[in-house]
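Asks: let's see this in three dimensions:
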Amino acid sequence: MDINKYKSHDRLLVAVDCIILGFDGKQLQALLIKRGFEPEKGKWSLMGGFVHKDESTDDAAARVLHQLTGMRDIYMEQLYCFSNVDRDTAGRVMSVAYFALINIAEYSEQLQQDHEARWFPMENIPSLIFDHKEMMEKAKERLQQKVANHPIGFELLPQKFTLPQLQNLYEAIYESPLDKRNFTRKILALGILNKLNEKEKETSRKGAFYYIFDQSKYSKLHQEGVKFI
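Replies: Numbers count the residues shown, from 1 in each chain. The predicted model follows:
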């Protein structure tokens with residue numbers, strides 16, 4: 001191996017940027033931070049950072065997510081590599097974007113204050129630095145594609161949830177109303193939810209039964225090639 005061939009090529013900076021999504025019961029939300037350094041200091045940004053020489057991009061993204069959320073073992077997926085030559089005004093930087101799904105209720109308000117972070121509805125995202133708005137759009141498209149065949153939407157819900165809460169989530173993801181009767185019939189017909197003998201009574205007098213997602217039943221269903229929803 002001729003090491004000089006490596007030395008003769010340009011060296012580029014590699015970063016990761018994380019689109020962190022949550023659900024507040026009604027709207028799909030994205031977690032943004034105030035950028036703390038130039039260029040674009042003080043403007044809204046995705047959480048990101050440079051990849052260290054001793055870590056993979058997956059490791060870097062997990063580190064960044066932990067710094068902002070305090071959580072580990074979050075659902076995270078590599079989204080796309082953004083590599084336009086002039087995407088970062090400070091230098092030649094390629095960014096590997098990831099999207100992550102978290103339960104908003106588990107996110108610490110103290111961490112939110114420490115990082116000057118704030119949740120924004122996906123339909124009301126402020127102006128973002130560089131190409132971060134494009135990253136957000138790609139994340140939304142990927143999520144809409146993914147939830148049709150995989151149960152990743154449950155990552156955005158509490159462990160126990162009602163069918164109206166589940167329908168609200170899918171309506172928020174697809175930005176479209178769903179027929180209640182059809183949605184309920186189809187989701188229950190899959191047999192992947194376990195009904196609890198407990199009701200949520202804060203939103204109605206009658207109350208709605210809680211359910212939990214059964215991963216083992218879904219795994220069997222997925223092997224049979226059945227469309228999730």
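Asks: ok, now which ones touch residue 133?
Replies: Residue 133 is in contact with 125, 127, counting by C-beta atoms under 8 Å, 6 or more residues apart in numbering. Every C-beta, even on glycine, is put in place using the N, C-alpha and C of the backbone.
Asks: next one, pLDDT for it please.
Replies: For residue 133, the model assigns a pLDDT of 96.
Asks: what do you get for the one 5 residues further on?
Replies: The model reports residue 138 with a pLDDT of 97.
Asks: before we move on, what about the one 5 residues further on?
Replies: Each residue has a pLDDT score; the one for residue 143 is 96.
Asks: burial measure for it, as a count.
Replies: 22 (other C-beta atoms under 10 Å).
Asks: excluding chain neighbours, what is closest to it?
Replies: Leaving aside its sequence neighbours, residue 143 sits nearest to residue 173 (C-beta to C-beta, 6 or more residues apart in numbering; 6.0 Å).
Asks: ranges for the helices of this protein?
Replies: Taking DSSP state H to define them, one finds helices in the chain at 3-7, 57-69, 109-114, 132-146, 163-174, 180-189, 215-223.
Asks: give the contact list for the residue nearest to residue 143.
Replies: Taking C-beta under 8 Å, 6+ apart, we find residue 173 in contact with 28, 143, 144, 147, 153.
Asks: also residue 88?
Replies: Neighbouring residues of residue 88 by C-beta under 8 Å, 6+ apart: 39, 95, 130.
Asks: and it, how close does it get to residue 174?
Replies: Distance, residue 88 to residue 174, using C-beta to C-beta, to the nearest Å: 33 Å.
Asks: also residue 74?
Replies: Distance, residue 74 to residue 174, by C-beta to C-beta: 23 Å.
Asks: more neighbours: the two, which one.
Replies: Shown here are residue 74 and residue 174; by other C-beta under 10 Å, residue 74 has more neighbours (19 against 14).
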